[in-house]
Structure formats: structure tokens, C-alpha cells
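Novice: Provided below for reference: sequence and predicted model.
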Amino acid sequence: MRCRIPLAICVLYAGFLFFPVSGLSQTVTASTKKILSQDKAGFNVNAIEVLLNKGDRAASRGNLGEAREFYDDARRGAKELLRFYRDLSGAFRGLDARIPREMDSKGRESLVLLSKTNLRLAALFRRQKQPEIAVPLLVEVVKLMTPTKPEGQKAYQGLLELGFAETPYSASNLRSFE
């Protein structure tokens, strides 16, 4: 019995010497590494832009149903990305400043994409003679981007054109209050 334990240990040790270590760990190749950062199949800003472009192509062909599906997918994805980037930024605040900076930057990109998606969806609903569905999307853009950003100004202009708002906005009006 005394001989069995040392013998078993020697056999195990010899097995580890001849067994390739790469077999114990998962081998990561360049094609599987960072799969979420790939342009077309990933979960990132570029993938959202691809969906927007597909929606634009469908809308230009007059296929508004297909365009709406792409825009809805882009909107959902942009909202999820924004939420995840904000959550990660908050989780690392005070621990490592680099990570919140990166997540905040990516969050801003997602916010711009969400606004662009909302503008495209609003235009699609206006084209389909459904302005009541366009209004909440335009209001969300103004709220997210503020009227000082081009997307916010475009959204407010859309609200004016629909008759939802009546007072025109111009950035020069801000100076009169200073």
C-alpha cells in the first residue's frame, strides 16, 4: 500500500509532463478572440451602424417594413449598449479611471447612434402618415442630445414641422438671456 501512493503520484506527474498544456486551457485564436468587437456580427457601435445602413437601403427601395425592422433592431441595440456602458462606467468609478473614461466615450457614441436611429424611425413614421408615433421619438432625441446638438436641433425642427411645437429655436436666442 505504501508503494501505491508514490507510484500513483509519479504516474500522474509523468502524465502532466507529456500532456500538452494547451490542451488544459482553451485555445483562443484571432478569429474567436473579441468576437463582440467584430463589425457585422458583434455587439458594438459598428454593428449598430451596419443595421442603420441596412435600414437606409431598405427605405430607399421603398420597403418600409423591412427598414423599420432594421431601425428597431438598431434602436434596441443602441439602448442596450448605452445601458451596459453606463453600468460598467459606474462600477469602476473610483477604482480605475481609465475604464469609466472608455465606457463614457463608448456611451456617447451609443447615444448619438440612438438619436440617429430615432430620427430615422421618426422620418419613417412621418412617411407612413403616422406623426403621432414620430413625436415621442423626436422628443427623446431632444432630451438625450439637447437642442444645442445637431441631432437635437433636427428633432426639434421635426416637431415644429409636425405642429407639435410652435416656437422656433435658434442658438442665438441663448445669448439674449445672458
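Specialist: Nice, thanks for sending it over. Numbers count the residues shown, from 1 in each chain.
Novice: so who does the nearest residue to residue 145 once chain neighbours are set aside touch?
Specialist: Spatially, and ignoring its direct neighbours in sequence, residue 145 is nearest to residue 152 (3.9 Å; C-beta to C-beta, 6 or more residues apart in numbering). C-beta coordinates here come from the backbone N, C-alpha and C atoms, glycine included. By C-beta atoms under 8 Å, 6 or more residues apart in numbering, the contact list for residue 152 reads 115, 141, 142, 144, 145, 146.
Novice: let's have those residues in a markdown table, adding distance to residue 108, pLDDT and neighbour count.
Specialist: Below are the contacts of residue 152 laid out as a markdown table (distance: C-beta to C-beta, whole Å; pLDDT from 0 to 100; neighbours: other C-beta atoms under 10 Å):
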| residue | distance to residue 108 | pLDDT | neighbour count |
| --- | --- | --- | --- |
| 115 | 11 | 95 | 24 |
| 141 | 15 | 95 | 27 |
| 142 | 17 | 94 | 22 |
| 144 | 11 | 92 | 17 |
| 145 | 10 | 91 | 23 |
| 146 | 13 | 88 | 11 |
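Novice: from those, which is closest to residue 159?
Specialist: Among the contacts of residue 152, residue 142 lies closest to residue 159 (C-beta to C-beta), at 7.4 Å.
Novice: which of the contacts of residue 152 fall in helices?
Specialist: Among those, the residues falling in helices (DSSP state H) are 115, 141, 142, 144, 145.
Novice: residue 138 versus the first one, what's the distance?
Specialist: With the distance defined as C-beta to C-beta, to the nearest Å, residue 115 ends up 10 Å from residue 138.
Novice: common neighbours of the two, please.
Specialist: Both residue 115 and residue 138 are contacted by residue 155, under the criterion C-beta under 8 Å, 6+ apart.
Novice: so residue 94: helix, strand or coil?
Specialist: Residue 94 carries the three-state label coil when classified by DSSP: H, G, I helix; E, B strand; the rest coil.
Novice: so how many other residues sit close to it?
Specialist: By other C-beta atoms under 10 Å, 8 other residues sit near residue 94.
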